[in-house]
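Chemist: Predicted model and sequence follow; I will ask about them next.
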Amino acid sequence: MKIAMLGLQGAGKKTLFKLTTGTSVTSVPPKGVPGMFEVKDPRVDALSALYHPERTIYARIDVVLLPDVEKTQGKAAWLEDVRNVDGICCVARAFEDPSVFHPAGSVDPKRDLDLFFSELLFADILLMERRKDALASEMRAKSTPEKVRELQAVEKVSAELEAGKPYRTIPLTPPEKAVLSNTQFLTAKAVAGVVNLTQDRDTAALKAAVEAEFGSRMTLSFFDAKLEAEIAAISDAAERKEFLSGLGIEEPAVAKLTRAVYDALGLMSFYTAGEDEARAWTIRKGSTAPQAARAIHTDLERGFIRAEVMKYDDLIALGSEAKVKEAGKAALKGKDYIVEDGDILNIRAST
């Protein structure tokens, strides 16, 4: 899985990129800066504490930091790069600092998030206009029922996009979806919005306003980049924990952010655990047990027989696999089982 991270100049993208990937960036080339971040998952930590494995591995997501968003009415070069990712993380500035330039001249995260969505909408509208023109030319040469159906679907989607509705919210029939299945709509992508604010002021009203306007369109997270950088700079774990406790914070906001992005992409984790490794594996929500087996190795999917399933909460509460089995809480599941977030799996497969 891969996401694009973007936002206006001065929003805090580079700081967020460093906090999540560990990579410092001074300038961003047109094609962006690649990186990878771990999804900070306390369940992985708990399994590691229980099994004391040789390795502890978190779920991972590839990320590319793209150049600054500008108002171009859907014609920016970075929009083409966004087509090649699975999701988008947009950073909006909500902190006041006269020393940090804002291209719009004032701080307004709602306006900035709206600009971001407008660029995606404009790009999709232009895409549909080009397709309508191409279909009209093709139909002048030879009209077919298939082209007529596609044109009707394109015109329907165009009208909804122009009304400000992202593609993923447009109600389409299965045949309409089928004729548009090869079209890469930017507004079909999962979106995570990150609002960069300061903790030294009351932000309740700001958060409520942003959530009211954008909560239905994206997964939202709020973080203080300056504070998060200070937390990350504390190398001693005990000292960092004490610092967080003094602020009344359980964990850094950036850890919650990585999980929010993960959720926005429609992903979830299942786990394998033992003496050698405690690991989170990434699958799409709604995946079957054989599909989960494929995440580990394609051979396990081909030879899948069944999966032994334990629930994370049961294992942590009872303290061992043996006690989970004694309590009758371990189950054998077949090919039709839909894996749930937090399942601990032991795949049985033929070799």
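Modeler: That came through fine. Treat the numbers as computed from the prediction; the structure is a model and nothing was measured. Numbering: from 1, shown residues only.
Chemist: count of neighbours near residue 210?
Modeler: Look at residue 210: counted by other C-beta atoms under 10 Å, it has 21 neighbours. No exception for glycine: its C-beta is placed from N, CA and C like everyone else's.
Chemist: Surely it touches residue 195?
Modeler: Yes - at 5.9 Å, residue 210 counts as touching residue 195 under the criterion of C-beta atoms under 8 Å.
Chemist: Show me where the stretch 251-351 of the chain has its helices.
Modeler: In the stretch 251-351 of the chain, the segments counted as helices under DSSP state H, counting those that start in this stretch are 253-264, 289-296, 298-302, 312-318, 321-326.
Chemist: quick revisit: tell me, what's touching residue 210 and residue 195 both at once?
Modeler: Counting by C-beta atoms under 8 Å, 6 or more residues apart in numbering, the contacts common to residue 210 and residue 195 are 94, 109, 220.
Chemist: What are the buried residues along whichever helix in the chain runs longest?
Modeler: If you go by DSSP state H, the chain has its longest helix at helix 109-141. For helix 109-141, the neighbour count (16 or more other C-beta atoms under 10 Å) marks 109-110, 112-113, 115-117, 119-125, 127-128, 131, 135 as buried.
Chemist: same question, stretch 241-255
Modeler: Neighbour-count burial for stretch 241-255 [16+ other C-beta under 10 Å]: 252-255.
Chemist: Please apply the same query to stretch 170-179.
Modeler: Residues 170, 176, 179 are the ones in stretch 170-179 that count as buried (16+ other C-beta under 10 Å).
Chemist: Tell me the one of those nearest residue 276?
Modeler: Taking C-beta to C-beta as the measure, residue 276 lies nearest residue 170 of the buried residues of stretch 170-179, at 47.4 Å.
Chemist: measure the closest one to residue 193 for me?
Modeler: Residue 170 sits 20 Å away from residue 193, going by C-beta to C-beta, to the nearest Å.
Chemist: show me where the stretch 51-200 of the chain has helices.
Modeler: 78-82, 109-141, 145-162, 174-179.
Chemist: Would you convert the ones you listed into JSON lines that also reports distance to residue 281 and mean pLDDT?
Modeler: Output for the helices of the stretch 51-200 of the chain, formatted as JSON lines (distance: least, C-beta to C-beta, whole Å; pLDDT from 0 to 100):
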{"stretch": "helix 78-82", "distance to residue 281": "27", "mean pLDDT": "81"}
{"stretch": "helix 109-141", "distance to residue 281": "31", "mean pLDDT": "91"}
{"stretch": "helix 145-162", "distance to residue 281": "35", "mean pLDDT": "94"}
{"stretch": "helix 174-179", "distance to residue 281": "29", "mean pLDDT": "93"}
